[in-house]
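[1] Task: produce atomic coordinates for the following.
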Amino acid sequence: PHPVPTPTPLPRSSFNVMDYGADPSGATLSSTAFLNARLAAQKYGPGGTIYVPSPTSQGVKGGHYLIDNVANTPGCIHLEGSGIGIMGDGDDEMTGSKLLLATAKMGPQGRRSGMVSIPPTSLGCAVGGLFVDGQSSPGNNTYPQIHNDPDPEILNVSSSHNRVSNFSGRAGTGFCVRFVGASPCYDFTVGDNQYQGGLLEGLSYGGGFITLDVDCQGAFGPSIWTYIKDVSIFGNMAVYNDCYVSVDGLTYTPNAHNPPCQACIEVTTTGKGPAHDLSFANIVSNGGPIKLEFYDGAPNPIKNLVLPSGQYW
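    Modelled structure (predicted):
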């Protein structure tokens, strides 16, 4: 009989940060381990995933991974490549996969680096099962807060077709989680993003810097929407110059940096790009109602706007 050739093993698609020397106790920096796992996922291509096991699963109860921006990219974990992702074991602060920002190092854009970022050129990325702490929030002020300055974000999504699930954490003096397109925002340059399940806390000092920020969505018309589902926030949400966005399941609670009557969601449109086709359902506000803002002569009302009865002004 002819010898049977040994099949070539398929390349693995999941790259465990522990295999690259990560420290789940947080005693030493894991930046290089995360960078090397990210580079391996990018080399693999679509489907390549950075895997972050919970410190608890590694025998470290209540541990975390301490990281900084060793690569000097816009985010400490900068997902450069379509179809790649970073996934952990859960977003519970004590038992899940927790990431902690180590330093206040300035990034290439002149701001302190955020934690996880998806650039405009990376489409269809996945982020989930993580608790991310930027260490500049109430009760955890490792370095100074900057009034009216949006840093450091814990997640910035600047492209389309991305999926975020069970992602929680604390941010700094501005945005906590942000879905945003290129300027000018009213061109609706991105869309088809989804965020389901998570609890966020940001300082939300004002000046347009919001805990959960959803901007510029609507690139794909009425057939493909952006969805925000089952998210709780301490600090309010902004829906700025958007169309085809659905928010279904949002709980808002003011924190120390929000007046008790602060709007739970600010829906804003400008005269250059009127918002339309926005839907809000199952909104639980422990503060104020939804606020509608019209700038620069924007038409009123917003077309195809669905709001909970009596929950807006």
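
[2] and residue 282, that's in a strand?
    Yes: assessed with DSSP: H, G, I helix; E, B strand; the rest coil, residue 282 lies in a strand.

[3] Which helix or strand lies directly C-terminal to the strand or helix carrying residue 197?
    According to DSSP states H and E, residue 197 maps onto strand 194-201. The element immediately downstream of strand 194-201 (helix or strand, assigned by DSSP H and E) is strand 212-215.

[4] Could you check how far that next one is from the centre of its chain?
    9 Å (CA atoms, centre = their mean, to the nearest Å).

[5] Show me what it is packed up against.
    Identification of packing neighbours for strand 212-215 by 3 or more CB pairs under 8 Å, 6 or more residues apart in numbering; DSSP states H and E yields strand 177-179, strand 226-234, strand 237-240. Every C-beta, even on glycine, is put in place using the N, C-alpha and C of the backbone.

[6] Where does pLDDT dip in the stretch 1-150 of the chain?
    Low-confidence segments of the stretch 1-150 of the chain, defined by pLDDT under 70: 1-11, 104-112, 136-150.

[7] re the thing from before, format the helices and strands packed on strand 212-215 as TSV; extra columns: mean neighbour count and mean pLDDT.
    Putting the helices and strands packed on strand 212-215 into TSV (neighbours: other CB atoms under 10 Å; pLDDT from 0 to 100) gives the following:
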stretch	mean neighbour count	mean pLDDT
strand 177-179	28	94
strand 226-234	21	96
strand 237-240	25	91
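
[8] For residue 33, which of those strands is the nearest?
    strand 177-179 (24.2 Å; CB to CB).

[9] quick revisit: partners of the strand holding residue 197 in the sheet?
    strand 163-170 (parallel), strand 226-234 (parallel) (DSSP bridges).

[10] Run through who's touching stretch 161-168.
    90-93, 118, 123-132, 155, 157, 177, 179, 192-200 (CB atoms under 8 Å, 6 or more residues apart in numbering).

[11] Can you report how many residues lie near the closest residue to residue 83 other than its chain neighbours?
    Residue nearest to residue 83 in three dimensions, not counting chain neighbours: residue 46, with 2.9 Å by CB to CB, 6 or more residues apart in numbering. Neighbours of residue 46 under the rule other CB atoms under 10 Å: 14.

[12] before we move on, what about residue 256?
    Based on other CB under 10 Å, the number of other residues close to residue 256 is 9.

[13] what do you get for residue 187?
    Neighbours around residue 187, by other CB under 10 Å: 15.

[14] Next: residue 87.
    There are 17 residues near residue 87, going by other CB under 10 Å.

[15] Distance of it relative to residue 133?
    Here the criterion is CB to CB, to the nearest Å. By it, residue 87 lies 18 Å from residue 133.

[16] Which one of the strands paired with strand 194-201 lies nearest to residue 60?
    Per CB to CB, nearest to residue 60 of those: strand 163-170, 18.8 Å.

[17] tell me how far that closest one is from the chain's mean position?
    With CA atoms, centre = their mean, you get 6 Å for strand 163-170.

[18] Adding distance to residue 13, write the strands paired with strand 194-201 out as CSV.
    Conversion of the strands paired with strand 194-201 to CSV gives the following (distance: least, CB to CB, whole Å):
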stretch, distance to residue 13
strand 163-170, 16
strand 226-234, 26
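
[19] where in the stretch 151-300 of the chain is pLDDT low?
    151, 173-174, 203-208, 271-274, 296-300.

[20] can you give me the helices in the stretch 1-150 of the chain?
    31-44 (DSSP state H, counting those that start in this stretch).

[21] Please enumerate the strands of it.
    Applying DSSP state E, counting those that start in this stretch to the stretch 1-150 of the chain gives strands spanning 14-16, 49-52, 65-67, 75-78, 85-88, 97-101, 114-118, 126-133, 136-137, 140-141.

[22] picking up where we left off before, so the strand holding residue 197 versus strand 126-133, what angle?
    Interaxial angle, strand 194-201 versus strand 126-133 (axes from the mean of the first three to the mean of the last three CA atoms, to 10 degrees): 0 degrees.
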